[in-house]
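*Asks:* sequence and predicted model, in that order:
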Amino acid sequence: MTIVLGIDPGSRITGYGVIEVNGSKSHYVDSGCIRTDTDAELPERLCQIFEGISEVVRLHLPQEVGVEQVFMAKNADSALKLGQARGAAIVACSALRIPIFEYSARQIKQAVVGTGAAQKEQVQLMVCNLLGLNKKPQADAADALGVALCHSHMQQSMIRMAGAHKIRRRRLR
């Protein structure tokens, strides 16, 4: 059993999602959003993100963390703020030596929905289906759960590939 924390970083809203992975089965544990004070300066908001993620880590003790990568938006200032928010969340986890894995938005959508061009609503619906949720989580929390599910799927794929490689190597000898 592995506890996975998924993080969807944002300078105003950072989503988090926690799942428990047991073999190929994933179960919902917790999700939510860290909402920063929009009137506060960026350094204070980064501190709020760091403290919020630190609290989630203390509460759930994840063994692995998946984080969405920064994408280059039209506005460079927004991309820089997003990168700083992402950094605050990553430091909260890496300070405790939790392994961190990064995924692009396209990889996350592909793993959860089956297409890298999926819409946010499709991700929300598939997160609900995959985790057996009765109601849709907030958009940012659903995205974070999507990151956690993506990480779980990627790890399972790596395990299957490693096993197939071992089988092929034995046949060759």
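*Replies:* Thanks, I have it. Numbering: from 1, shown residues only.
*Asks:* return the helix or strand in this structure with minimum mean pLDDT.
*Replies:* Least confident helix or strand of the chain, by mean pLDDT, DSSP states H and E, is helix 139-172 with a mean of 76.
*Asks:* got the contact list for the closest residue to Val91 other than its chain neighbours?
*Replies:* Nearest non-adjacent residue to Val91, counting by CB to CB, 6 or more residues apart in numbering: Phe50, 6.4 Å away. In short, each C-beta sits where N, CA and C put it, glycine included. Listed by CB atoms under 8 Å, 6 or more residues apart in numbering, the contact set of Phe50 reads 88-89, 91-92.
*Asks:* who wins for most neighbours among these?
*Replies:* Using other CB atoms under 10 Å as the neighbour criterion, Ala89 leads those with 30 neighbours.
*Asks:* number of nearby residues for Ile98?
*Replies:* 17.
*Asks:* and of the contacts of Phe50, the nearest to Leu145?
*Replies:* Within the contacts of Phe50, the smallest distance to Leu145 is 15.3 Å, found for Ala89 (CB to CB).
*Asks:* was I right to think the closest one contacts Val67?
*Replies:* Yes - judged on CB atoms under 8 Å, Ala89 makes contact with Val67 at a distance of 6.6 Å.
*Asks:* so can I have JSON lines of the contacts of Phe50 showing pLDDT?
*Replies:* JSON lines is the format used below for the contacts of Phe50 (pLDDT from 0 to 100):
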{"residue": "Ala88", "pLDDT": "97"}
{"residue": "Ala89", "pLDDT": "97"}
{"residue": "Val91", "pLDDT": "97"}
{"residue": "Ala92", "pLDDT": "97"}
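*Asks:* identify, from those residues, the entry nearest to His60.
*Replies:* Ala92 (12.6 Å).
*Asks:* just to be sure, that closest one is in a strand?
*Replies:* No - with DSSP: H, G, I helix; E, B strand; the rest coil as the criterion, Ala92 is helix rather than part of a strand.
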